[in-house]
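Undergrad: coordinates for the following, if possible.
(chains A and B)
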Amino acid sequence: MIELQEWILTLLIAAPLAGAAAVALFGTAGAGGDRPAEGTSARGLALAFSLLTAGLAVVAVALFFQARGPTGRPVADGGEYALVLDLSWVRDTDSIRRQVDFRYHVGVDGLSLWLLALTAFITPLAVWASFSGIRDRQREYYALMLLLEAGMIGVFCARDLLLFYIFFEFTLVPLFLLIGVWGGPQRRSAAGKFFLYTFAGSMLTFAGVLYLAWLAAAQHGGVFTFDLEKLYALQLTPRQQGWLFLAFFAGFAIKVPLFPFHTWLPLAHTEAPTAGSVLLAGVLLKLGTYGFLRFSLPMLPEAARAFAPFMAVLAIIGIIYGALVAWVQDDFKRLIAYSSVSHLGFCMLGMFALNTAGLTGALLYMVNHGLSTGALFLVVGMIYERYHTRAFGRVGGLARRMPWMAFFLLFFVLSSIALPGLNGFVSEFLVLLGTFTSGRAEGGYPAGPLGAPYAILAATGIILGAVYMLAFAGKVLFGPLREPEHTPDVSGGLTADLTRREIAILTPIALACVLIGVYPGMLTASIQPAVERQVLARVFAADGYELASDSGLRNADGGLKTASPGVPTTLVSSRTEGTGRREAFSPPPSHFSLPRYGFNDSRAASAAREEARR
Amino acid sequence: MNDLFGLLAPELIVTGGAAAVLLLGVSAAEPARGYTRLVALFSVFLAFCVTWYDPVEKPVELAGMRFGPLSYYVRLIALSIGMLVLLVNWHLPAPQERGEHFAMILFSLTGIMLTSLADDLVLLFLAVELVSVPNYVLVSIGRSDIRAQEAGLKYFFLGALSAGLLVYGFSFLYGASGTTVLSRMSLAEEGGFVTVGLLLAFCGLAFKVAAVPFHTYAADVYQGAAAPVTGLLGFFPKVAGFVAFIKLLLLVQPPAQVLARGWDLPSPAFVFLWMAAAATMTVGNVLGLMQSNVKRMLAYSSIAHSGYMLVALLAGPVVSGGPLRDGLSAMLFYIVIYGVMNLGAFAVLALIQVRGAPAEELDDLAGLSRREPLAALALAVCVFSLMGMPPTAGFFGKVYVFSTALATDPSMGRGPAMVALAVVGLLNSAVAAGYYLRIVAACYLREPVAEPAARPRDHGVRLGLLGCCVAVLVLGVWPEGLLKMARMPFDDLTAPAGAVTRLEQNPPLILPAIPAVNGEPLVMTHPRPPGQGQLPQPRIVSPTLAPPSSAFLIESTGTKR
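TA: This next block holds a predicted model:
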């Protein structure tokens, strides 16, 4: 078991790679459409390997929750890393003066686990969804999909900055080809723009990466290393932090995309094949936000706090501008692309609120956006396959002809505009809450950089989001039926409404949306401690705050930061009592205690169930 | 093996191979002519084995040459890439021209190896020219194309000009120091003569490596030459040029001084090289963007990559603490990677033909992945490596070069300039991605315009291409071996003086006719004139007797192992 724990992430990266090789070598092109292909079809192989990866991801999640830290406490509760494998990769320490130590260091914590799971969950669905759309050059297509999956998983597993960067860059190549070969009419310019824009930004990030490693070498006995633990421990001057923040910003902000750097996104999204859009929106945009969360905040805390208002302003402009532009689009995919700009603005805003609620919300937002927007692209792709148009003007009133599609489209639109009870609500609420309370220094905790004005401005984005999304759903689904001539195209085994395959693709995502909507504690229980330990504790380390061994931040010289007695005992503590693992625990002060906000019932219920079982 | 024949065995083998190839090539008998290529390949392989199994552990000086880790490394890379070059050229020359063609390649290889050995200005000049002259021939030999003739002529005349600049610069250096022996020269004191001499020599070498403003020939020559030859042009003159650069720069900054004060080039040299590096990168990449001919594109890419290597050269061997701060090693590392990926890209161009003519234009490559998926994949691997994408070798080349530039000690006052240069370089990589991407896009994203097809029965190119791709991918995943080798030449700057064994056949010759400089007599060794019969047994001069200033610390291996 210990062996598997160490190697599971490597297996997760290797499985899609092996799949890509298998598809490229043994796959045969199927007939396209829903008809079965003869021989080992490339798409069947690809689906099998992506499902295998998803299975491995389930194992990885299970192992993560089983893993215990040195104190015997589950690492999921402590926000620590698990499933770690640390191997020497490029090592040269013979010379006294030039020591190099690049490591193959992988592991997951609460920050990366769910993004990893999202990747493994959504890729098989994207592969399956391509069955009807991709009829040309299938072998290459499915091999590239699997390569892309390997790259994305690698990004979330890496605990070495160089390894992260390698996977981060590597994802460009398969996506460039996916957009450029199988995309829409303007695919070549879209692919080129996507690649060059992101590549240019990441070159500056690369400069930052190398500079950071050199600073690490200067402070760590001359060993040139990219290991995250060593980089986190660096003492950087504010000036160095500022430059490094800008360097990382160049790469990550383009990837997110943050407001003035978003121009590549609509074109890339519009022209990409359905599965490409799904993975681009679902996972690849998160590489940028994840980069901020994993590197910019914890490594460059002072710069992060100094730049936070600036970042928040960009995020808010993105929220409002993205929503307004989405409102006036006459192209489905372009609308969803601009909605991504708006949504990821929320994500960035929550992140730079720099408190538990905001950061937890931001991370949850990444997962939720991946589910909802990915699913929206899937549905829109299904419409496109039947009508060969993405223009609002040409189709309408489809609810009559495609009731199943109408159900799913409306469902994901509602999830996207954060209807309470669905996944989007939780994260959006947490983000706004975090932003709102950011300016208050409650319970001895340091004040974050943002405040109510930011939250109020951002909240207008919610209204605008509802406006354009509902308008979109209304135009497409309701009103008189409008169809271009000679459509719907039912070649390749499609039917007028969704086929069983397509329903089977959308159902798991819908279920996941409901599940997260009603029981977000499943995710936040591991996200929150990770956010506090991996990010917040480092951001506020300079102010003398450090992480208590149990939970929550505390002041290094002031002992435990006990909150006011009026704060009710939280569920985390009740659970620890119930399991007899009582530790010195301070009830988190108000704005850190997530369970008070909305979704503590489910956790209470689960804790009660757990207790009852005993 | 401390005699001249033993030490020079690889060069002698390759030269012997070249002579044999020439003879076989002109022989009337068809079977004998058939062996020319095998003989050429075998001689290079044999030389490689000899070098590999007899590393010169302790640096040895003999007859104006210096055998040490630098020459060991350069010989190994020249010979191993030389084998790939031979394979890529396998089917290029017509049967009656094979002798000349392969002999020229072998002579050029010998020149590279001699460049790495040269410890004397005269030998250095001759060696660098020995690399270039066969290249002039190779560009136009066996080509009836008018552009090839133009290219050959242009290359020759500009090359002759650069040779003139180089030798003129060397004469100034000789005048300033009073000796031609590199290890006895000390140019550390700035002076008009030294500056003029250095800058002239730099200009000559800038031509060899195609650095701005001496790059103008590159595009025409690369376009005019046959693709396999172009693959060679990107590597052979560059290695020789950069090795010569290293030798000159270490004259300006003697190891003892580097040790004491860090790498701090005198301002004229620094400014010249800084501007050359920045301009070379930028001009190469910006002009590359405007090309539609793949060979010209790769020619400008070759110019840009020279710029990256100049960045590494400027960073120099820094010894005052800190890791990976060895620009010279980074450059030696990068040049191998560049040689392999560039050769691979040209090998694909050599392999693919459109309507019976070699592929040259972007349109010729359109839809290549449909027609020749493996060739397209190989080209994509090499081009992504040129772009610096992980997980290819080019990525680690960038890591090594630019981290070195960023790590320049800020206390030397050059820190900000080097950081700026690194940022310019990285932005340039982004610009370069623009045209590299067009090559990949042509192969994968476009529908075929013409009918690109691989040459049938051309297995030499296929094998060479396979070798290049394997090297690019292996070095991209596991660069450690080459990294360790590349740092060896500059590893032990700190080693104690006196680790050098100096074998001398003749005592230093004092020339009474030349006046003394600074009150010291001019000292000059000269290679023994030929035809004096038996070689005398080398006399080992105790290192302790050698004056400390003459100890060439760079190649000493010190107390290692």
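Undergrad: show me where the stretch 151-300 of chain B has its helices.
TA: Shown for the stretch 151-300 of chain B, the helices assigned by DSSP state H, counting those that start in this stretch span residues B:192-208, B:217-224, B:227-233, B:236-252, B:255-261, B:267-289, B:294-315.
Undergrad: got any ranges where the stretch 51-200 of chain A has weak pLDDT?
TA: Low-confidence segments of the stretch 51-200 of chain A, defined by pLDDT under 70, span residues A:94-98.
Undergrad: tell me where it has strands.
TA: Secondary structure of the stretch 51-200 of chain A by DSSP state E, counting those that start in this stretch: the strands cover A:82-92, A:99-108.
Undergrad: what helices or strands is the first one leaning on?
TA: For strand A:82-92, the packing partners by 3 or more CB pairs under 8 Å, 6 or more residues apart in numbering or on different chains; DSSP states H and E come out as helix A:2-26, helix A:42-66, strand A:99-108, helix B:480-487. C-beta coordinates here come from the backbone N, C-alpha and C atoms, glycine included.
Undergrad: including mean neighbour count, could these go into a markdown table?
TA: Written out in a markdown table, the entries for the helices and strands packed on strand A:82-92 read as follows (neighbours: other CB atoms under 10 Å in any protein chain shown):
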| stretch | mean neighbour count |
| --- | --- |
| helix A:2-26 | 19 |
| helix A:42-66 | 20 |
| strand A:99-108 | 23 |
| helix B:480-487 | 20 |
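Undergrad: spell out which residues of the stretch 301-450 of chain B are next to chain A.
TA: For the stretch 301-450 of chain B, the residues in contact with chain A under the definition CB under 8 Å from any CB of the partner chain are B:319, B:321-326, B:329, B:369, B:384, B:389-391, B:395, B:398-399, B:402-403, B:406-407, B:419, B:422-423, B:426-427, B:429-430, B:433-434, B:437-438, B:440-441, B:444-446.
Undergrad: for A:F156, what are its contacts?
TA: Residues in contact with A:F156 (CB atoms under 8 Å, 6 or more residues apart in numbering or on different chains) are A:108, A:112, A:115-116, A:119, A:290.
Undergrad: how much space between it and A:W264?
TA: When CB to CB, to the nearest Å is applied, the distance between A:F156 and A:W264 equals 23 Å.
Undergrad: residue of the stretch 51-200 of chain B with the smallest distance to chain A?
TA: The minimum distance from the stretch 51-200 of chain B to chain A, using CB to the nearest CB, falls at B:P69 (12.5 Å).
Undergrad: number of nearby residues for residue 307?
TA: Defaulting to chain A. Under the neighbour criterion other CB atoms under 10 Å in any protein chain shown, A:F307 is assigned a count of 20.
Undergrad: please refer instead to chain B.
TA: Applying other CB under 10 Å, we find 27 residues neighbouring B:G307.
Undergrad: who are the contact partners of it?
TA: Counting by CB under 8 Å, 6+ apart, B:G307 makes contact with B:211-212, B:276-282, B:284, B:425, B:428.
Undergrad: from memory A:G201 sits against A:A253, does it?
TA: Yes: here A:G201 reaches A:A253: they are 7.3 Å apart, a contact under CB atoms under 8 Å.
Undergrad: now residue 191, nearest residue through space, not along the chain?
TA: No chain was given, so I picked chain A. Excluding the flanking residues, the one nearest A:A191 by CB to CB, 6 or more residues apart in numbering or on different chains is A:G180, at 3.3 Å.
Undergrad: chain B was what I was after
TA: Using CB to CB, 6+ apart, the nearest residue to B:G191 is B:A176, at 6.3 Å.
Undergrad: same deal with A:P238?
TA: Counting by CB to CB, 6+ apart, A:E302 is the residue found nearest to A:P238 once chain neighbours are left out, at 5.2 Å.
Undergrad: quick one: the strands in the stretch 1-150 of chain B?
TA: When secondary structure is read from DSSP E, counting those that start in this stretch, the stretch 1-150 of chain B shows strands at B:60-62, B:65-67.
Undergrad: what sits closest to residue 172 if chain neighbours are left out?
TA: Here I'm looking at chain A. Taking CB to CB, 6+ apart as the measure, A:L172 lies nearest to A:F195, with 5.7 Å between them; neighbours along the chain are not counted.
Undergrad: hm, I was asking about chain B
TA: In space, B:F172 comes closest to B:G197 once its chain neighbours are excluded; the distance is 2.8 Å by CB to CB, 6+ apart.
Undergrad: so the one you found sits against B:L165, correct?
TA: No: with the criterion set as CB under 8 Å, B:G197 and B:L165 do not qualify as a contacting pair; they are 10.7 Å apart.
Undergrad: joint contacts of A:G201 and A:A253?
TA: Listed as contacting both A:G201 and A:A253 by CB under 8 Å, 6+ apart are A:F261.
Undergrad: for A:A46, find the nearest of the strands of the stretch 51-200 of chain A.
TA: Ranking the strands of the stretch 51-200 of chain A by their distance to A:A46 (criterion: CB to CB) puts strand A:99-108 first, at 23.8 Å.
Undergrad: are the closest one and chain B in contact anywhere?
TA: Yes: judged by CB under 8 Å from any CB, strand A:99-108 comes into contact with chain B through A:99-100.
Undergrad: what helices or strands is that strand leaning on?
TA: Under the contact criterion of 3+ CB pairs under 8 Å, 6+ apart, the helices and strands touching strand A:99-108 comprise helix A:2-26, strand A:82-92, helix A:138-157, helix A:161-170, strand A:223-225.
Undergrad: pass me the low-pLDDT residue ranges in the stretch 351-500 of chain B, would you?
TA: Filtered on pLDDT under 70, the stretch 351-500 of chain B yields the residue ranges B:409-413, B:491-500.
Undergrad: was I right about A:L147 contacting A:A15?
TA: No: proximity of A:L147 to A:A15 does not meet the contact threshold set by CB under 8 Å, at 12.0 Å.
Undergrad: in the stretch 1-150 of chain B, where is pLDDT below threshold?
TA: Using pLDDT under 70, the stretch 1-150 of chain B drops low at B:1-2, B:28.
Undergrad: residues shared between the contacts of A:L147 and A:A15?
TA: Taking CB under 8 Å, 6+ apart as the contact rule, A:L147 and A:A15 have no neighbour in common.
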